[in-house]
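*Asks:* What shape does this take:
(chains A and B)
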Amino acid sequence: MPVKCKADCGRNAVLKRPKTSDALCKDCFFAAFEAEVHYTIISNDLFKKGEKVAVAASGGKDSTVLAYILKLLNDRHDYGLDLVLLSIDEGITGYRDDSLETVKQNRDDYQIPLKILSYDELYGWTMDRIVEQIGRKNNCTFCGVFRRQALDRGAKLLQVDSIATGHNADDIAETVLMNILRGDTARLGRCTAIRTGSGEDTIARVKPLKYTYEKEIVMYAHYKKLVYFSTECVFAPNAYRGHARAFLKDLERVRPSVIMDIIHSGEQLKFKETVKKPERGTCGRCGFVSSQQPCKACILLEGLNRGLPKLGIGKKSKGDRMRAKQDQELALRERANLVKNDF
Amino acid sequence: MCSVGDDESVDDVMINEAGEDQFSEPIRSGACHKCGQNGELYKLVFREAECKSCFLNYVNHKFRATVGSSKAVPRDAEVLVVYDGSAESVVLLDMLKTAKSGSNFKKLHCHFKVIIVDDYELRNKALNALDYETYLQEMKDTMLSDSKTECYITNLRSDPHQMPYNIKDIDHYLARKLDDENMFSIMYSNIRTSTNRKEFIKIYLKKLLASMAQHLKCNYVFIPTININIAADFLSSIALGRGSSVGLDVGFVDDRLENGIRIMRPIKDLSVPEVNLYLRACNLKSCKQYNESSPGTADSIQGITESFIKNLQKNFTSTVSTIIRTGNKIAYNNFSNIHDKTDVVNQDENTISCEICCSLLSGESKTISAVEFSRFVSERGTKSSITDSDDKIKELSSFTQKRKENICHSCKNMLRDKDILPFIGNV
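*Replies:* Got it, this is the predicted structure:
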């Protein structure tokens, strides 16, 4: 016997919401989903009227749903936002080139302007070439660090007030677990924040889908027939994050509310006063936000340009040794050249 | 949005992939790296192989350093030591005896009594099929072998108001009335989810121990928890939404109980290999062994967490220590100040404890509001969409911030299992 919609609308339910275990029909699910994102936006004061907001668009389900729903809610509730899609082309053949086609489709469908920035034009490197240098291990480090900064560069270029990213509840819960496993208290302290980097010289990032389950995003995209790109990156990560992801999925199977419980826990964590906190500043080389000098992106880029791709991977002291060794070798070669010229 | 790689490389942090050494034999023969003595050597990961005497010095020092550096156990303190027959509890008891012995210059100045918590029937599914009488007899023999130590026994299913039995009167213990305990077992098995069963019994055990300590006039309770248990407890607590009180789950002292009894973890820095090698070095054995292949580990948050940590530890040897180090950086409230506040009227919002687990109630949480809002809009369906103005939605959701009772978020989750309600009077 079919299950009736929890909202007493008389229709049959088509899905069971993982967050609340309520069975809903398609229309009531759409209404509830949209109301929740709207509630998240207004209760956290994510945007102000008249702001220009860049939607970080990869063409995947999260960013597609985010772009669609922000456009919808902006029109429906008169947020007065000037939306723009911002995509980063990492230069991954067979993955990003295809997903960018989806973003272009979204641009046409939702009538939102699109700006694409590539790693090649920003850093002079594509991920394909980086992977040739570094191999399949640690490549996600380059991609993540460069993407984060590329979004900042794009936002500055577009003169936006904030960047909206498609991080969902599952992503945030996973990051909480990951940061505990890595012992990264600095990130653990800020990874649950719905708004980050809202200082005077930085562009804020907001997560309107913070309380939205990944499963619901997929269902929403599916029932709304949204066009999104669902292929996994060809440099499929063997990342440590995968362990946290698998663990979270196991937990969710036993208790679906675990995702929100982990986020709640993460928000409640307070650290001892003796724990060192990173100070947010700007990189002396590139001028973008960083808590270290120079920023991670600059170190990674330096490593690539020096032919020492592992320079930014691992401990700083290890990197310093690699740099000193190379400088010493170069100096020796230089001296040898001078001697040769003398003769 | 791809979130892989949003964080820096794992190489940046203290995650060491297991090297060849991890799987090398823990017992070897040769010359001790420290004293040069030839004989049987004990090898731990990240340590050179050492002789029995050097190894025992090392682990005993670890124990004394944990107790000493905490400065939480005053001179001549009355301590109740929990003994459940597990390898950890055997090691704890032996270390305490060593620390109290006259020859040791770092003598531990405290008086201790031992409490055996008989959990055989409630947890027998997780144990090897040892005969109950043999199990109790072994515990009794171990205790009576040291005539100086007072030892008591209670059952995990006991009413906390029930006085514990002296181990010498074990016949009285065996002849006690079992009606209430049997009822407890039936109600316990009726709790639907394994997660809630484990969560409930953890809280209940803590309160039972505090109550036994009070009966025996002890202010401190030493529990045999080692680093892997703490790491698993920490992650489970996070997954259960107990973030605000998680610092007490990983620290040396847990002082949140209402009667002011402090539960302490003196061997919290010991690892499983250290415990096993200690047993071998001192020729000790545990009275029970948990059956690792027992069913039910994958049906609860706690079980999944425990097996996840164990598996990860095999490949990344710093997993447990990194989790513990993260936990040690988390701040927690000092309950002793709060317990002193007898004037309930003047208690501020930040010092109200959960009626069930005694943790401080967390403040306003937008995440919990978001969940409540989800429930609310699910019931309203299409009516929740366009017609509500922003103010209306805010007003409708504000009920989520009103605290109806003094129960924390995680305990509320537990109470959704209606079968747990009959126990609430007990805890």
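*Asks:* Now do the contacts for the residue of the stretch 301-427 of chain B found nearest chain A.
*Replies:* In the stretch 301-427 of chain B, the residue that lies nearest chain A is residue B:381 (2.5 Å; CB to the nearest CB). Where you see a C-beta, it was placed from the backbone N, CA and C, and this is true even at glycine. Residues near residue B:381 by CB atoms under 8 Å, 6 or more residues apart in numbering or on different chains: A:5, A:6, A:7, A:8, A:9, A:24, A:25, A:27, A:28, A:31, A:32.
*Asks:* Next step: the residues you listed restricted to strands.
*Replies:* Members of these lying in strands (criterion: DSSP state E): residue A:24.
*Asks:* Dump the contacts of residue B:381 to JSON lines, plus neighbour count and pLDDT.
*Replies:* What follows is the contacts of residue B:381, written out as JSON lines (neighbours: other CB atoms under 10 Å in any protein chain shown; pLDDT from 0 to 100):
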{"residue": "A:5", "neighbour count": "24", "pLDDT": "90"}
{"residue": "A:6", "neighbour count": "22", "pLDDT": "88"}
{"residue": "A:7", "neighbour count": "25", "pLDDT": "86"}
{"residue": "A:8", "neighbour count": "12", "pLDDT": "85"}
{"residue": "A:9", "neighbour count": "18", "pLDDT": "87"}
{"residue": "A:24", "neighbour count": "30", "pLDDT": "93"}
{"residue": "A:25", "neighbour count": "22", "pLDDT": "93"}
{"residue": "A:27", "neighbour count": "17", "pLDDT": "92"}
{"residue": "A:28", "neighbour count": "29", "pLDDT": "92"}
{"residue": "A:31", "neighbour count": "23", "pLDDT": "92"}
{"residue": "A:32", "neighbour count": "29", "pLDDT": "92"}
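*Asks:* So which of the contacts of residue B:381 belong to helices?
*Replies:* A:27, A:28, A:31, A:32 (DSSP state H).
*Asks:* Now for these: which two are most distant?
*Replies:* Pairwise distances among these were taken by CB to CB; the largest, 9.7 Å, belongs to A:27 and A:32.
*Asks:* Spell out the residue ranges of the strands in the chain.
*Replies:* You didn't pick a chain, so chain A it is. Counting by DSSP E, the segments of chain A that form strands are A:15-16, A:23-24, A:52-56, A:82-89, A:114-118, A:162-164, A:195-196, A:204-206, A:281-282, A:289-290.
*Asks:* oops, chain B please
*Replies:* Secondary structure of chain B (DSSP E): strands located at B:27-31, B:38-42, B:50-51, B:77-83, B:110-118, B:150-155, B:165-166, B:220-222, B:253-254, B:262-264.
*Asks:* Let me have those strands in JSON lines, extended by mean pLDDT.
*Replies:* Putting the strands of chain B into JSON lines (pLDDT from 0 to 100) gives the following:
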{"stretch": "strand B:27-31", "mean pLDDT": "79"}
{"stretch": "strand B:38-42", "mean pLDDT": "84"}
{"stretch": "strand B:50-51", "mean pLDDT": "89"}
{"stretch": "strand B:77-83", "mean pLDDT": "93"}
{"stretch": "strand B:110-118", "mean pLDDT": "90"}
{"stretch": "strand B:150-155", "mean pLDDT": "92"}
{"stretch": "strand B:165-166", "mean pLDDT": "92"}
{"stretch": "strand B:220-222", "mean pLDDT": "95"}
{"stretch": "strand B:253-254", "mean pLDDT": "92"}
{"stretch": "strand B:262-264", "mean pLDDT": "94"}
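*Asks:* distance of whatever residue of the stretch 51-200 of chain A ends up closest to chain B from residue A:175?
*Replies:* When distances are taken as CB to the nearest CB, the stretch 51-200 of chain A reaches nearest to chain B at residue A:144, 2.8 Å away. As judged by CB to CB, to the nearest Å, residue A:144 and residue A:175 stand 12 Å apart.
*Asks:* Could you give me the buried positions within stretch B:243-261?
*Replies:* Using 16 or more other CB atoms under 10 Å in any protein chain shown as the burial criterion, the residues of stretch B:243-261 that qualify are B:243-257, B:261.
*Asks:* Run through the stretch 201-350 of chain B and note the low-pLDDT ranges.
*Replies:* Scanning the stretch 201-350 of chain B for pLDDT under 70 picks out the ranges B:288-297, B:333-350.
*Asks:* residue of it with the smallest distance to chain A?
*Replies:* residue B:243 (2.8 Å).
*Asks:* For that residue, give me its contacts.
*Replies:* A:264, A:265, A:266, A:267, A:268, A:269, B:237, B:362.
*Asks:* now, which of the residues you listed lie within helices?
*Replies:* Of those, the ones assigned to helices by DSSP H are A:264, A:265, A:266, A:267, A:268, B:237.
*Asks:* Taking those together, which two end up most distant?
*Replies:* A:267 and B:237, at 14.2 Å, using CB to CB across these.
*Asks:* hang on, the earlier thing: could I get the contacts of residue B:243 as JSON lines with distance to residue B:266 and neighbour count?
*Replies:* Converted to JSON lines, those look like this (distance: CB to CB, whole Å; neighbours: other CB atoms under 10 Å in any protein chain shown):
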{"residue": "A:264", "distance to residue B:266": "31", "neighbour count": "28"}
{"residue": "A:265", "distance to residue B:266": "27", "neighbour count": "30"}
{"residue": "A:266", "distance to residue B:266": "30", "neighbour count": "24"}
{"residue": "A:267", "distance to residue B:266": "32", "neighbour count": "21"}
{"residue": "A:268", "distance to residue B:266": "27", "neighbour count": "21"}
{"residue": "A:269", "distance to residue B:266": "25", "neighbour count": "22"}
{"residue": "B:237", "distance to residue B:266": "20", "neighbour count": "28"}
{"residue": "B:362", "distance to residue B:266": "29", "neighbour count": "21"}
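*Asks:* In these, find the pair that's most separated.
*Replies:* Largest separation among the contacts of residue B:243 by CB to CB: A:267 and B:237, giving 14.2 Å.
*Asks:* Residue A:209 versus the closest residue in space to residue B:326 that isn't next to it in sequence, what's the distance?
*Replies:* Nearest non-adjacent residue to residue B:326, counting by CB to CB, 6 or more residues apart in numbering or on different chains: residue A:183, 4.7 Å away. Using CB to CB, residue A:183 is found at 28 Å from residue A:209.
*Asks:* cool, and residue B:181?
*Replies:* Between residue B:181 and residue A:209 the computed distance is 50 Å (CB to CB).
*Asks:* more crowded one of these two?
*Replies:* Using other CB atoms under 10 Å in any protein chain shown as the criterion, residue B:181 and residue A:209 rank with residue A:209 on top: 30 against 18.
*Asks:* and the closest residue to residue A:206 other than its chain neighbours, what does it touch?
*Replies:* Distances taken as CB to CB, 6+ apart place residue A:46 nearest to residue A:206, at 4.7 Å, with adjacent residues excluded. By CB under 8 Å, 6+ apart, residue A:46 lies in contact with A:40, A:162, A:164, A:194, A:195, A:206, A:208.
*Asks:* Then residue B:78?
*Replies:* So residue B:78 contacts B:110, B:111, B:112, B:113, B:216, B:217, B:218, B:219, B:220 (CB under 8 Å, 6+ apart).
*Asks:* would you turn the residues you listed into TSV with neighbour count?
*Replies:* Formatted as TSV, the contacts of residue B:78 follow (neighbours: other CB atoms under 10 Å in any protein chain shown):
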residue	neighbour count
B:110	20
B:111	11
B:112	19
B:113	18
B:216	17
B:217	9
B:218	24
B:219	16
B:220	22
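*Asks:* can you list the domains in chain B?
*Replies:* Split into domains by automatic domain parsing, chain B comes to B:52-289+B:296-339, B:355-423.
*Asks:* actually chain A, sorry about that
*Replies:* If you go by automatic domain parsing, chain A breaks into A:15-277, A:280-343.
*Asks:* deepest of those domains, which one?
*Replies:* Across the domains of chain A, averaging neighbours per residue (mean count of other CB atoms under 10 Å in any protein chain shown) puts domain A:15-277 on top, at a mean of 20.
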